[in-house]
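Chemist: Need coordinates for the following:
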Amino acid sequence: MRGENRYTAEIESLAFGGEGVARLDGCVVFVPGVLPGEKVLFRIAAARESYARGELLELLEPAADRIEPVCPFMIRPRGIGPCAPPVCPGCAYGHLPYARELAVKQAQFRDALIRLGGVANPVFRPPLASPQ
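Modeler: Down below sits the predicted model:
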């Protein structure tokens, strides 16, 4: 699966840390800089036994709510700007509107409590939005 091969897939969800989750022949592939519902062109950068890491080559069909990141170090797929990996981890959600970013992070936190913490039905307050 690894190499210069190019694959297309639709992104299913966002994993903790902001990488998009796609499936390729039953294998989970993590692709940075993408959003759920987007159709992307990528190559496999690293393959493990149970998952792979993809490198975004081109955004074929962007999500309706994709925004232009404020940070100049955020990934910008071809067609939106130069495609390069993010330089800082704070840029992982820069292409999401802030309200959606908070919702994604809340869902990821809930999922972590269930899957990793063994909490059957976690109850917690929603995230506090920054006033800025």
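
Chemist: Stretch 22-31: end-to-end distance?
Modeler: Distance across stretch 22-31, first residue to last, is 7 Å (C-alpha to C-alpha, to the nearest Å).

Chemist: In it, which residues are buried?
Modeler: 22, 29, 30, 31 (16 or more other C-beta atoms under 10 Å). C-beta coordinates here come from the backbone N, C-alpha and C atoms, glycine included.

Chemist: Show me what the second one is bridged to.
Modeler: For residue 29, the beta-bridge partners are residue 22, residue 52 (DSSP bridges).

Chemist: Can I take it that residue 41 is in a helix?
Modeler: No: with DSSP: H, G, I helix; E, B strand; the rest coil as the criterion, residue 41 is located in strand rather than a helix.

Chemist: Isn't it up against residue 5?
Modeler: No: with contacts counted by C-beta atoms under 8 Å, residue 41 stays clear of residue 5, the gap being 11.0 Å.
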